[in-house]
Structure formats: structure tokens, C-alpha cells
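Engineer: using only what follows, build the 3D model:
(chains A and B)
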Amino acid sequence: MSDQHPVQTDHASHSRRRFLKVAGAGAAGASLLTMLDARQAPAQIKGTTLRILTWSHFIPAYDVWFDKFSAEWGDKNGVKVKVDHIPHLEIPARMAAEYAAGAGHDIINNNSTILARLYYKSLLDLTDVFDGLGKKYGGWIPAAKSPIEVEGKIYGIPQYYILLPMLWRKDLFEANGLKPPDTWELARVAARTLKPKGNPTGIAFSHCNDANLVWRSLAYSFGATEADPSGDNPTIDSKEMREALRFAKALFDEGMTPEVFSWDDASDNRFLASGIAGWIHDAISAYRTTESTNPTVFKNTYVGLEPAGPSGKRVHCVAPIVFLSWKFSKNPQAVKEYLAALGDADKDGMIASTGYNMPFLNDNAKKPMPILGADPKLQVLQDFPKIVAFFGYPGPYTPQIQEVGLQFVLPDIFTRVARGQSVDDSVKWGVGEYRRIFSKHKKA
Amino acid sequence: MTAPLGGGSESTTRAAAQPIAARPSAAARWWRTNTSRRLAFGYLLLAPAALYVLLLVGIPFLFSLYLAMSDASVGDQMATFVGLANFRAAWEMDTFWDALRNSVVFLVVAAIFKSILGTSLAFLLLQNFKGKKLVRALVVIPFTLPITVTVLSWKWMYDSQFSVINWGLHKAGLIGGYGSESWPIWLGQPHLALIACIGVNVWRSFPFSAIVLLAGFTSVPTEVLDAARVDGCSFFQRFRHIVTPMIFPILIIGFLFDTVFTLSDLSVVYVLTQGGPGSATMILPMLAYQIGIQAGSLGRGSAIALTLVPLLFPALFLMLRNIKRRDW
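Structural biologist: Residues are numbered from 1 along each chain as shown, chains lettered A, B, ... in the order given. Sure thing, here's the model as predicted:
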């Protein structure tokens, strides 16, 4: 034979290649870590451009801060930064267009609909930035990885999440001898007592984000789950889910009016601001806006932890906000530098958002948090990081669970029950929808 | 063999000596005629339009057909052929049938109201009155304003708590106060929600119908109408037997445009209800958008969107054939 030692030759060549690869990767990783640690941009990003697509935050002051931070970072590092703000519901369509074109923004915000698992093959691996920030700030809260981790790699950097705590009228509760709504049962008693007095409660039974989040919080707190830990199989057909549905029906009948069937994400804000609501389960923006629109309501509204379910369990479903970057970005180095710097400025962002943004990084989630720690009414929000979960709990935030969310299947199950369909029939319908969606994604 | 044209033996011999390729064939001779050149020139002039239609309509249509028969997703460039699986998947969804039913109801009810209101408005605008030009300019406002802005305004008017419509009805003594049984929840009660969405679509589009009709009405020669009047035709007789036949092609084209606009418009539903409550206002474009773009399943989304084609195609064919038969 012409080659008597093919294995040896091949091995030698592989060893050399492997050595070069390992050495190269090591050097690149080390220099990136050094740069991240020193907060110093490498020379090669100077003179480049970084385009960022993000949402229009509910707190306009945060957008002002974000734009200023980005511009200042750009000036400091010699990078021209351009930030585009669009409504968050338009981001999936924009991402699809950019993917198809193979060009667009270097950094893209994902809000609620996290598309990392859908696009991961075309996304920049951000594991090094994620690990670097985690190492620096005491790790990430347990839920942080779920929306962005695929096959052991991280394809996004979590920015913050938004809470929807209990916002309850202390004056009305006290006047009627009611206890604070620390459990769902106490919240129901309050709703039942306050509705006849002209102060009903309200949770959206409609196609909106609030409905997706609040009914999940209630179901999870009742011990129900949505998917198994692998995320491949739906698990909504359970005793606990039926219990949660029966509870929701009672809560609607006793404490709400049919207007909740028409609500959007801002309806409960208006409901609270009008002075009618006895309690709502919504983002603190609902409470903050009353400071100017209805100071009496502002003074008497208190913020509560997620109510506990029958067994004392509290799980709070939230909407995560993360940043992703395309693999085809022409400026991956600047992307990583920018995201690391943004992670460093996490606390400033929390302040700019007036406590609306909740941190994913453990050190920033320590008490006292900026703004929240100093406000007696909002201090309770600091206890939320421990009970935060995303869609699909306890499974990961998969594309199939996102499709379930986008089609509002879970709120529709609750709506069917509230409208009078039997719990069994509603669950049967819901299970069918979940299985259909899950099986499509499995085949894909 | 080609028959000899000259008839003489010499010419036959000469013709036989010629190589076959050098002889102009019948097709080549036809090509040199004036008729063929005129035809070719005509096709040449038509070519840009045909190319335009092919590029902007044909290719996207074929591409969506390809997507509908594949497992394409927004995040993966590789797609495999799955046949009719996406159509089957759509048909298995309860929501799909709700969306199909709602789309048809939406289209038919909206078309009826747009015809009535559009015709009435067109007749009003034909009359001579003070400020006619201003009114003509004002009526097109719903059609020209950005759809999101106008639909958001309607969302406020339909608000469950602060609805100005409900406030007006309450002040008129037609309904009870906020919180009473008779207080309509426009976007929360399934039938009302669909009516509310159709209402906004009608409000937004009927000026377009009116303008199309107005253009048609003004093209009817006044002599014909005057003659009919002299002959004793009533208003409705003139409308039915003179105006309608004369403006029929315009009516059909307007109707086709409106059908396509209505069936493909998801903005009203998207802003007002997102298809809810339940699937009471879900329409096919909304469902296709949710599944195809938001959830990223391009194949299934395209299959849902393409369901409209078999619905539209026969209607389109019949209408165009009708126009052709009328020889307009």
C-alpha cells in the first residue's frame, strides 16, 4: 500500500490542528475576558457601527436612559451606535425579515416572545458574555437560562423582566375588615365582598399578554404545570389545573364583571385609576400612573406578593426581555462588548425604569434593590426573584410553548370556564390544542 | 415532403437541389408578415406589465405555495417537502374553522353595508349643495388616515368602561349605566365583538365604495338619464335599468378590490381584539400571522393564508367572465 502509517500521519495532523484550534480559542477567550474585565474596547471595534433594535419601553424615561447609555458607550469606544425603537409586538415580524434578508440590526431585543430557540442556528453564541456577567455579579437567577439556552449554549443576554404583582386598595380592604390578599383565597373573599359595594376586581379573560401571565401565575400557584421538564410534553390535564379553573370561575362569578372579556393590557390600569377596582394583578406602572391621574388611589394602593395557592405555593409568571445578536452581524466583537457594558449598567437601568425592570443577575437582585428598597410600598417586589417562572413552567421556554402563548390557549381555557363551559370540556379542548401544537413542533 | 410551388420540372429540380435548411419554412414566412410583426410588437409592449405581474404576484404566490407544502420555519433555511400536511394540520384546528366562518361572515356583512352606505353617500355627493367640495374631502378621511390610529380611536370608543358610544346610549336612555346588565361590552361579548370589528371595517372602507360609485355615476351620460326621465322612469327604474348596467364593470372592479382588501386585512382585528374573545373575531389573516410570523411556522401560516385562494378564485373567475360577456 502507498501509505503504511495512515493513522499515525492523520493523528499527527489532527493534533497540530487541534493544538492550533485550542490555542486560538484560548487566546481569543482570554483576551475577551480580559477586555470584558477591564471594560476596555479592543482597537478593532473603533470606527465601526452598531445597530440596535429595541422596543418602546412602557416607562419612557428608561428609553431616554437607554439611548443615552448607548450613545455614551459608542462615544467612549469609538463606535457609532444607532438605536431603533419599535412596538414590541412588531419585533417577531422584523426579525423574520432580517433573517430572510441576511442583514439588519446587530442587536435585537426580544420581549415576551423570545425567539432564541427558533433562530439559534443563526444567532451569535453569547455564552462567554453570559458567563462573564454571571461570574462578576454572583450568577443569574434560576429562571434566566430557560429562554436562551439551546444545546448547552447561550444565545441571548437576559436584560430584565417585568412583574405583575397584586395591587390592592388598602382603604377599601380596611373599611370592609378584609385581610391583605396574601393568598388567592383571601383575594377571592375580598373580590366577593367588594363587588356588591361597587368595587369589583378584574383579571383579563382575553387575548392579551396580561391574561397569558396572570392566569399562568394562578395556575402554577395552585400546583398546576404546563409542560414536563424536558418541555416536550404538555401537562395541563391535572387535578391542580382543574382546581385552578374552578377557582377562576368562582372568582369571576363572585368578584368580576363581564368587561374583563374585552380587556387589553391597559384596561386594568384604567380600572384601577378610575377608583373602581378593589384589586388588580398588574405591572406597577398601573400603580405609578395613578400618582398623577388619581392621587387618592395612589395613596391607598398597596403592592402585594404573588398570592399563595391552596398549598402555600407561590409562582409568578413573568415576561422576560433579552437581547440577541445575529451570526451574520458584521460587528460581533462590538455586540459582545456592548452587552457586557449594558450588564454592568444594570442597576442604572433599574433606576431609570423607576423600579419597573427586575434584575436577572443575583447581586443586583439582593436587597436593597435600587428604588424598590427605598419605597416601603414596593419593598415586597424584592422577594419576587425567588418565585419567578416563565411560560411552560417547569419546562423550558420552547417555541411550542410560545406558540401556545401566542394563540392564547391557556387564557382561552379559563375564558371558556368563566363563560360557563364545564371544566372537563374546557380542559379537553385545551389539551387538544396543546397536543396539536406540541406535535407539530416535535415533527419539525 | 413539401409540395412544389412552381409547378415546372426545372423548378422542381432546382428546389430539390437546394438544401432543406435554406428553404424558409411556413413558420418563418409567417414571422415576416405584417400581422405577426404587429403582434410581436404588441407583446413587446405588454412584456413589462407581464414581467411586473410575474415578479410581484406570480413569484410570491408560487413561493407561498412552496412554503405551504414544506416544514419551513422562520429560523431555518432548510425546508423539506411535507405535501398537504400543513393544510391537514390547519383543518384539524377548531380555531381554523372559526376563522374561516368569521372571515366569510366578515366579508359578506361588510360588503352589504358598504354597498348600502357607499351608494347612499355617492348619491348624496352627486347633489348640488353648499360646501360640497369640503364634504367630498372630509368623507375620504377614514380611508386616508393611518389605519392603526383610527382603529385605536375606535378601541377607545369601544372601551368597556369609558365607551363614548355607551355613554351616548345611556344619556339617550337606551341602556343602563356602567355595570348594569344592559351596558354593552363591545369587545368582550362574542357577537358584539365581531359586529364591532365589522363596523370599523365598514366605517373605514365605505368612502372608497362611494368614490368608486361616484366615478361611475358621473360617467353616465345625462342625456340618457334625461330621456328616461322624460319617458316617465322613476328614480329606482333609472337606477336599475340604466345606471347599474352602465356602471357594472366599475362596480365589479370596485367589488373585487374591496373583497381582496377585506379578506386580507388583519389590522382591525389585530388592534381591537387579537382574535378574541375566544376565537369570536379570529379571521384567517390574523391566524396566519400568529402562526406563520409570530410563532415562526411559515409552512402552516402559508397554508392557512392560501385557504383564501380557492374561495376567491371562483368568485373572481365568474365576475370577470360576466364582464367579458357583457362585452364592455
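
Engineer: which residues sit in contact with the residue nearest to the spatial centre of chain B?
Structural biologist: With distances taken as Cα atoms, centre = their mean, chain B has B:Val260 as the residue nearest its mean C-alpha position (1.9 Å). By Cβ atoms under 8 Å, 6 or more residues apart in numbering or on different chains, the contact set of B:Val260 is B:Leu312. Heads up, the C-betas are built off the backbone N, CA and C, glycines and all.

Engineer: so it versus B:Val57, what's the distance?
Structural biologist: Noted for B:Val260: a distance of 12 Å to B:Val57, by Cβ to Cβ, to the nearest Å.

Engineer: got it, and B:Gln161?
Structural biologist: With the distance defined as Cβ to Cβ, B:Gln161 ends up 45 Å from B:Val57.

Engineer: how about low-confidence regions in the stretch 1-150 of chain A?
Structural biologist: Per-residue confidence of the stretch 1-150 of chain A (counting by pLDDT under 70) places the weak regions at A:1-43.

Engineer: and the helix or strand where the residue nearest to the centre of chain B lies, average pLDDT?
Structural biologist: B:Val260 belongs to helix B:244-264 when assigned by DSSP states H and E. Model confidence over helix B:244-264 averages 86 on the pLDDT scale.

Engineer: helix/strand/coil for the residue positioned nearest the centre of chain A?
Structural biologist: By Cα atoms, centre = their mean, the mean C-alpha position of chain A lies nearest to A:Pro320, the distance being 1.4 Å. Judged by DSSP: H, G, I helix; E, B strand; the rest coil, the three-state class of A:Pro320 is strand.

Engineer: run through the bridge partners of it.
Structural biologist: Partner residues in beta bridges with A:Pro320, using DSSP bridges, are A:Tyr161.

Engineer: count the residues that sit near the closest residue to A:Gly104 other than its chain neighbours.
Structural biologist: By the measure of Cβ to Cβ, 6 or more residues apart in numbering or on different chains, the closest residue to A:Gly104 outside its immediate chain neighbours is A:Glu98, 3.1 Å from it. Residues near A:Glu98, counting by other Cβ atoms under 10 Å in any protein chain shown, number 18.

Engineer: which stretch of helix or strand covers A:Glu98?
Structural biologist: Short version: A:Glu98 belongs to helix A:91-101, going by DSSP H and E.

Engineer: could you do B:Ser302 as well?
Structural biologist: Following DSSP H and E, one finds B:Ser302 within helix B:298-306.

Engineer: got the contact list for that helix?
Structural biologist: The set of residues that contact helix B:298-306 without belonging to it, under Cβ under 8 Å, 6+ apart, is A:440, B:64-65, B:67-74, B:79, B:82, B:86-87, B:89-90, B:96, B:99, B:284-285, B:287-293, B:295.

Engineer: around chain B, pick out the residues from the stretch 51-200 of chain A.
Structural biologist: A:92-93, A:95-96, A:99, A:113, A:115, A:118-122, A:198 (Cβ under 8 Å from any Cβ of the partner chain).

Engineer: now the two most distant members of those.
Structural biologist: The largest separation in these, counting by Cβ to Cβ, is between A:Lys121 and A:Gly198 at 55.5 Å.

Engineer: give me the neighbour count for B:Gly188.
Structural biologist: Taking other Cβ under 10 Å as the criterion, the count of residues near B:Gly188 is 27.

Engineer: surely it is in contact with A:Asp264?
Structural biologist: No - the criterion here is Cβ atoms under 8 Å, and B:Gly188 misses it with A:Asp264 at 10.8 Å.

Engineer: next, show the common contact partners of these two.
Structural biologist: Shared contacts of B:Gly188 and A:Asp264 (Cβ under 8 Å, 6+ apart): A:Ser206.

Engineer: now do the domain split for chain A, please.
Structural biologist: By the record's domain assignment, chain A is partitioned as A:39-160+A:320-365, A:166-317+A:398-443 (automatic domain parsing).

Engineer: hmm, B:Phe143 is touching B:Val212, no?
Structural biologist: No - taking Cβ under 8 Å as the definition, B:Phe143 is not a contact partner of B:Val212, at 11.2 Å.
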